[in-house]
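Next one to model:
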Amino acid sequence: MSELARRRWAFQRLELRHYRCFASYALTFHPGLNIIYGPNESGKSTLLNALLDALYANPFSTKSELTARISFGATAGWSLMLELIAGDQHWRLWKHYSAEDPARHSACRLEVFSPDRQERGEGDKHEGKEALRRWEQHWSVPREVYLATACIRQRELSAIVSDQKSLASLQQHLREAALATDLERVLKQIEEHRRDLRRRRDQLKEQREIIVSKLQAAQGQSARMREHRQRLQQLTEQIAQRETQIDELQHLLQRWREVSASQKEWERVSREIEQLQRVLDTLERLEREQQRLQTELEQARAEADSHTGQKRARAWLGVAGAVSVLLGISLITVNGLLGGALMALGGLLVLIGLLWQPRRTQQSDHRFQQLQQQLKECRLQREGLLQAHNPDELRQRWRQLAVQQHALQTKLEEEPLARQLLEHAEEWLRRERQLERLLQEQEQARQEMLRTEGALQQLLLQDDPDELRLQQEQLDEQLAHLERRIQVMECTAQLLKEANQRYLNDLSPRLAPCIERYLPALTCGRYTQIQMGNGLLFQVYHPEAGKWLNADLDESGWSAGTLDQLFFACRLGLVDALMAHRRLPLLLDDPFLHFDETRLRAAMELLARVAQHTQVLLFTCRPLPEHPSDAARITLPSPFQASTA
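Model (predicted):
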């Protein structure tokens, strides 16, 4: 295979299904010149767009323009298949776009056959996004580059007639296309990447502002937490100190209470002993009193008995006196002297009996009655006491209390602080009040401690300042890294632009001969010389004017058709200058609208020569008077037949 054949890429077959106006359509291409003829709305632009979609469209994309490719009445989506030959390899690329969730339901398949394996139907096959990646890697020509060089459309040429500035824009377009247009793609990618970096930088700045705000709030919380912790430490120390003081006071007060209780118990026991002793003494006294009264009563009874004898003696004296008187009276007559004596004796006896009644008898009786009353009262008191108290039990209880009193007395005497504790009772009352105050303060401190711990617990639920500070440092590092990358991107873009300017300056000497190779054929030998200026601005030598004229409508020497021819020659030359290593198919969308018959024939002859090394697809709606014999003519169906063709 020759070197030219290895560098040549050519479309072989295109199949469409539900793509715009084509429900189902297949088209086979000639490796050389292909003239695709059809009236308006027959599908020429659709075929051109289909070829571009086969080369560049991503069926997994969600762009609305892909949905617009679907034929009316079809809802599932569209599909296309493109076969092409690249050197000695045969490529088959199939794409299917699904209107429903393209990312999941769309498909792509790529098959590559070498000559020895094509006969056996064997080749490398790839599916999905991997197939798309492989194709982009092998095709490797950006869409912008292909459109700016090998794809020439009539609307770009006809714009010269309607817009005075269009030629300048076309020249600018030519300059941009000459950048090896990979550079434009690189610059675009750099700019997109730089915008992405700036967007990420802005997002990081927003995150940093949020982190800084949180950090400030967290630092405020941390300061409050430190205050709470310090307060907790102070409260803990105060509680511990009070606890020590409370323990000491409670211990001393407990000793004081024990001594005081022992003292009170000793006093109570002593009082009870005194009471028991009084009861016992009363019993003994009553017993002695009873014995004395009984003795006196017996003596009084003896006296009463003696008084009774005296009364009897007096009565006998009175009786004896009366008998003597009576006897004297009776004897007076017998013996007057004896009778008188007896009467005198009797009278004396009666007188003695009458006069013998002393006061002591009444006193004795009264005394006797008093003694009896006193003895009765004494017995009643003693019996009452004996009924209330058992003397033996009282004596036993008294002995027990005496032992208890002795033990308490010993305990008090052995307690070294007993005298101090008992003598300074007011001091211990003051200490009791101090203990109550300390307990109250302790309770208040514990309550404050609980409140502080609760507030601290709530603060602990917030963000950690150290973690936020670490996040801020990480964001600062990321921002610094992004800033460095943005600077690198800006510097890279600037260097690439400077390098591109140098490249354009270097491209001008190579581009001028390529344009001059096509310009005479297009202008029928009228214009043959071209010179390139800075930024790919060019001038053409006008033989009638005898000078170099700028390719601009402001120059009176140029017609619209001539400018079309000049620009067409520049595009062909640009293809040769930029893509000499690989001959890609040349797509022409009716570029000869303003060509007269002579120059149209010359252009067709030129295309026939170009088709010898480059596949040419010429889309036109005008019937050509004649065309090269080796050119393939493809006639598209009318608009009314396209849907079923």
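
drop to CA atoms for contacts and neighbour counts, all remaining ones
OK.

what ranges do the strands span in the stretch 401-550 of the chain?
All strands of the stretch 401-550 of the chain, identified by DSSP state E, counting those that start in this stretch, fall at 530-532, 538-542, 547-550.

just the chain next, same as before
For the chain, strands defined by DSSP state E occupy the ranges 9-19, 22-28, 33-37, 77-86, 89-98, 107-113, 124-127, 151-153, 530-532, 538-542, 547-550, 586-589, 616-620, 632-635.

Now do the third one and strand 616-620, the angle between them.
So that's strand 33-37. Taking axes from the mean of the first three to the mean of the last three CA atoms, to 10 degrees, strand 33-37 and strand 616-620 form an angle of 20 degrees between their directions.

where does the residue nearest to Leu80 when sequence neighbours are not counted sit relative to Leu470, distance-wise?
Of all residues not flanking Leu80 in the chain, Leu16 sits nearest, at 4.6 Å (CA to CA, 6 or more residues apart in numbering). Applying CA to CA, to the nearest Å, the value for Leu16 to Leu470 is 58 Å.

Which one of those two is surrounded by more residues?
Neighbours per residue (other CA atoms under 10 Å) separate Leu16 from Leu470, with Leu16 holding more: 21 against 13.

thought that one was touching Thr46?
No - Leu16 is beyond contact range of Thr46, at 10.3 Å (criterion: CA atoms under 8 Å).

What average pLDDT does the helix ranked longest in the chain get?
As assigned by DSSP state H, the longest helix anywhere in the chain is helix 182-332. The average pLDDT within helix 182-332 is 81.

Also stretch 87-95?
Stretch 87-95 comes out with an average pLDDT of 90.

show me the contacts for the residue nearest to Leu80.
22-26, 78-81 (CA atoms under 8 Å, 6 or more residues apart in numbering).

change it to 7 Å
If a contact means CA atoms under 7 Å, 6 or more residues apart in numbering, then Leu16 has 22, 24-26, 79-81 as its contacts.

pLDDT wise, what is it at?
pLDDT, Leu16: 94.

And it, how close does it get to Val350?
193 Å.

next one: Lys497
Per CA to CA, Lys497 is found 189 Å from Val350.

Which one of those two is surrounded by more residues?
For Lys497 versus Val350, neighbours defined as other CA under 10 Å are more numerous around Val350 (24 against 16).

Report whether the expected contact of the more buried one with Val323 is present.
No - using CA atoms under 7 Å, Val350 is not in contact with Val323, being 9.5 Å away.

For the buried ones among the contacts of Leu16, write the corresponding PyMOL selection.
Typed into PyMOL, the line below selects the buried ones among these, using 16 or more other CA atoms under 10 Å:
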select buried, resi 22+24+25+79+80+81
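
Out of the contacts of Leu16, which comes closest to Leu450?
For the contacts of Leu16, the closest approach to Leu450 (CA to CA) belongs to Ser79, at 74.5 Å.

Any idea what the closest one is bridged to?
Beta bridges link Ser79 to Arg17, His96, judged by DSSP bridges.

On the pLDDT front, check it for me.
Predicted confidence (pLDDT) for Ser79: 94.

do the same with Pro513
What the model reports as pLDDT for Pro513 is 83.

beta partners of the nearest residue to Asp590 once chain neighbours are set aside?
Spatial nearest neighbour of Asp590, chain neighbours left out: Thr620 (4.7 Å); criterion: CA to CA, 6+ apart. Thr620 forms beta bridges with Tyr37, as assigned by DSSP bridges.

correct me, but Thr620 touches Asn34?
No - using CA under 7 Å, Thr620 is not in contact with Asn34, being 10.7 Å away.

Least confident secondary structure element in the chain?
helix 166-177 (a mean of 47; mean pLDDT, DSSP states H and E).

Please point out which parts of stretch 404-420 sit buried.
Result for stretch 404-420 [16+ other CA under 10 Å]: buried residues 404-405, 408, 412, 418.

swap that for stretch 628-636, please
For stretch 628-636, using 16+ other CA under 10 Å, the buried residues are 631-634, 636.

same thing with stretch 232-251?
232, 235, 239, 242, 246, 249-250.

Quick one: those as a markdown table, columns for distance to Arg599 too.
Output for the buried residues of stretch 232-251, formatted as a markdown table (distance: CA to CA, whole Å):
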| residue | distance to Arg599 |
| --- | --- |
| Leu232 | 101 |
| Leu235 | 106 |
| Ile239 | 111 |
| Arg242 | 116 |
| Ile246 | 121 |
| Leu249 | 126 |
| Gln250 | 126 |
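
quick check, nearest of these to Leu187?
Distances from Leu187 to these, taken by CA to CA, are shortest for Leu232, at 63.5 Å.

Quick check: the closest one touching Met449?
Yes - between Leu232 and Met449 there is a contact under CA under 7 Å: 6.2 Å.

Does Ala631 touch Pro31 like I think?
No - counting by CA under 7 Å, Pro31 is not a contact partner of Ala631; they are 9.5 Å apart.

Now for Arg433, how many residues are close by?
12.

repeat for Gln277
Gln277 has 15 nearby residues by other CA under 10 Å.

quick one on the thing from earlier: among the buried residues of stretch 232-251, which one sits closest to Leu600?
Leu232 (99.9 Å).

for the stretch 301-450 of the chain, which spans come out with low pLDDT?
Scanning the stretch 301-450 of the chain for pLDDT under 70 picks out the ranges 303-314, 317, 336, 339, 353-365, 417-425.

Please enumerate the helices of it.
Applying DSSP state H, counting those that start in this stretch to the stretch 301-450 of the chain gives helices spanning 336-355, 360-388, 391-414, 418-423, 425-460.

just the ones you listed: most buried one?
helix 336-355 (a mean of 19; mean count of other CA atoms under 10 Å).

okay, the angle between it and helix 182-332?
Calculated by the same axes, to 10 degrees, helix 336-355 forms an angle of 170 degrees with helix 182-332.

Give me the distance from helix 336-355 to the chain's centre.
Taking the mean of its C-alpha atoms, helix 336-355 sits 150 Å from the chain's own mean (CA atoms, centre = their mean, to the nearest Å).

shouldn't Leu33 be in contact with Ala632?
Yes - at 6.3 Å, Leu33 counts as touching Ala632 under the criterion of CA under 7 Å.

Distance of Ser559 relative to Leu588?
21 Å.

Same question for Thr149.
11 Å.

Neighbour count: these two, which is higher?
More crowded of Thr149 and Leu588, by other CA under 10 Å: Thr149, with 25 against 20.
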